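>>> Prediction below, plus the sequence it came from.
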Amino acid sequence: MYHRFNENKYPSTNVQMDVFKEQIKIIKNSNYIFSNPKNFEENFSSPKTNKEILITIDDAFLSFYLEAWPFLKQNKIPFILFVSTEPVGKSGYMTWEQIKEVGAEEFAVIGHHSHSHGYLIDKDDNFFISDIEKANEIFLKNLGYIPNLFSYPFGEYSKFMRDYISQNFDFAFGQHSGVIDLNKDKFELPRFPINENYGELKRFRSIINSFPLEYEQLLPIEKKLSIENNPPNFQVKFFNEQTNLNNINCYSNELDIWERSNTTLNDNTLTINFRGPFVPRRGRINCSLNDNGKWRWFGVQFPIKKD
């Protein structure tokens with residue numbers, strides 16, 4: 001997941017183009033396939049014999065169009081560009097003509113990223129619906145269609161938001177790290193964030209070489225936390241045939257401190273006993289497993305509603 005390109009003022013969402021080009025080179029040299037999002041539903045539903053890499057770019061910043069787009073176009077590298085409709089045409093953002101130019105290519109897909117790109121988790125349900133509907137109207141007016149792929153702003157969503165999106169889109173992406181597999185929820189798909197803070201090449205290699213840590217069920221279903229459910233009762237049920245589960249390591253940031261989580265594993269069910277509540281704005285859990293030399297990974301994000 002990318003945002004800005006060659007915008008040094010924003011290291012948490014920026015990547016330098018020379019680094020980005022090197023990352024693309026690493027993917028190619030690893031003989032991995034660039035997943036074309038135009039075939040995403042078919043690709044998602046079929047087992048993989050080769051690793052595929054899906055590139056996504058959020059927010060349609062102008063720096064993407066000026067810096068990364070010419071490179072991606074020249075090399076015909078597939079990607080999704082998630083667009084929030086409210087800032088389109090404003091300073092620092094792409095115009096509708098530029099977005100249509102990108103979307104006209106066979107290897108590029110325009111995705112839906114809400115209208116306002118606000119902290120929608122802090123709003124009531126009716127505001128969320130009206131924000132999506134407003135974006136739908138603008139997409140129809142300017143593109144002639146409503147994108148069928150959705151990306152939650154800031155990766156934040158509640159059960160209500162997830163359920164509403166599931167009734168109106170084909171897939172939805174968050175900002176919790178992990179590898180997509182057949183068992184992942186179609187409307188809570190993970191992505192690894194790539195930026196100056198978390199984009200150095202050694203880490204990038206480990207990301208693209210990682211495998212999914214699959215599970216049968218993850219609780220709680222409600223990801224939005226409040227005083228009543230913070231910290232959450234967190235459990236992950238794995239499949240009976242999974243091996244090496246005793247090798248799982250989890251880290252979490254409750255109390256705003258990243259530490260190794262206090263975990264128990266019984267009958268293929270992992271439980272985390274948190275040290276205390278998560279601190280706004282987001283709680284995170286990352287779990288990894290050394291599975292006979294294959295590193296498997298999943299992450300979870302809990303948005304915390306501001307009082």
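Great, that's in hand.
>>> From here on, just use CA atoms for contacts and neighbour counts.
Will do.
>>> Select the helix or strand of this structure having the lowest average pLDDT value.
helix 40-45 (a mean of 89; mean pLDDT, DSSP states H and E).
>>> and that one, C-alpha only, in PDB?
What follows is helix 40-45, C-alpha atoms only, in PDB (Å, rounded to 0.1, in the frame of the first residue of the first chain):
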ATOM      1  CA  PHE A  40      -9.300  -9.700  -8.700                       C
ATOM      2  CA  GLU A  41     -12.400 -11.700  -8.100                       C
ATOM      3  CA  GLU A  42     -11.200 -14.600 -10.200                       C
ATOM      4  CA  ASN A  43      -7.700 -14.500  -8.700                       C
ATOM      5  CA  PHE A  44      -9.100 -14.300  -5.100                       C
ATOM      6  CA  SER A  45     -11.300 -17.400  -5.600                       C
END
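>>> so where do the strands sit in the stretch 1-150 of the chain?
4-5, 14-15, 33-34, 52-53, 56-58, 79-83, 108-112, 149-151 (DSSP state E, counting those that start in this stretch).
>>> Now do the longest helix anywhere in the chain: everything it contacts.
In the chain, taking DSSP state H as the definition, the longest helix is helix 125-143. Outside helix 125-143, the residues within contact range by CA atoms under 8 Å, 6 or more residues apart in numbering are 84-86, 96, 100, 114-116, 120, 145-147, 160-161.
>>> returning to what we had before: quick one: buried residues of the least confident helix or strand of the chain?
Residues of helix 40-45 classed as buried: F44 (neighbour count, 16 or more other CA atoms under 10 Å).
>>> Show me the domain layout of the protein.
4-209, 217-303 (automatic domain parsing).
>>> if you go through the stretch 151-300 of the chain in chain order, where are the helices?
159-168, 201-208 (DSSP state H, counting those that start in this stretch).
>>> what's the closest non-adjacent residue to N233?
In this structure, N233 finds its nearest non-sequential neighbour in P220, 6.5 Å apart by CA to CA, 6 or more residues apart in numbering.
>>> ditto for V102
A108 (6.5 Å).
>>> Same list (the strands of the stretch 1-150 of the chain) but as CSV, adding distance to R282.
Converted to CSV, the strands of the stretch 1-150 of the chain look like this (distance: least, CA to CA, whole Å):
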stretch, distance to R282
strand 4-5, 22
strand 14-15, 20
strand 33-34, 31
strand 52-53, 27
strand 56-58, 19
strand 79-83, 22
strand 108-112, 22
strand 149-151, 17
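>>> D291 is nearest to which of those?
D291 lies closest, by CA to CA, to one member of the strands of the stretch 1-150 of the chain: strand 52-53, at 19.8 Å.
>>> Of the strands of the stretch 1-150 of the chain, which is nearest I180?
Comparing the strands of the stretch 1-150 of the chain by their distance to I180 (CA to CA), the top pick is strand 52-53, with 9.8 Å.
>>> Tell me which residues are up against the closest one.
Residues outside strand 52-53 that contact it (CA under 8 Å, 6+ apart): 27, 32-35, 208.
>>> And D181, how far from P47?
Going from D181 to P47 by CA to CA, to the nearest Å gives 8 Å.
>>> More neighbours: these two, which one.
D181 (20 against 10; other CA atoms under 10 Å).
>>> Beta-bridge partners for R282, please?
P303 (DSSP bridges).
>>> residues touching it, list them.
Contacts of R282 (CA under 8 Å, 6+ apart): 301-304.
>>> Would you tell me which one of those residues comes nearest to N273?
For the contacts of R282, the nearest to N273 is F302 (15.4 Å; CA to CA).
>>> Can you get me a residue count around S12?
The number of residues near S12, taken as other CA under 10 Å, comes to 16.
>>> Run a quick check on it versus G199, I expect a contact.
No. Proximity of S12 to G199 does not meet the contact threshold set by CA atoms under 8 Å, at 9.8 Å.
>>> list the residues that contact both of these two?
Common neighbours of S12 and G199, counting by CA under 8 Å, 6+ apart, are absent.
>>> how close does the nearest residue to I272 once chain neighbours are set aside sit to N249?
Nearest residue to I272 in three dimensions, chain neighbours excluded: T263, at 4.5 Å (CA to CA, 6+ apart). Per CA to CA, T263 is found 8 Å from N249.
>>> With that, I have no additional questions.
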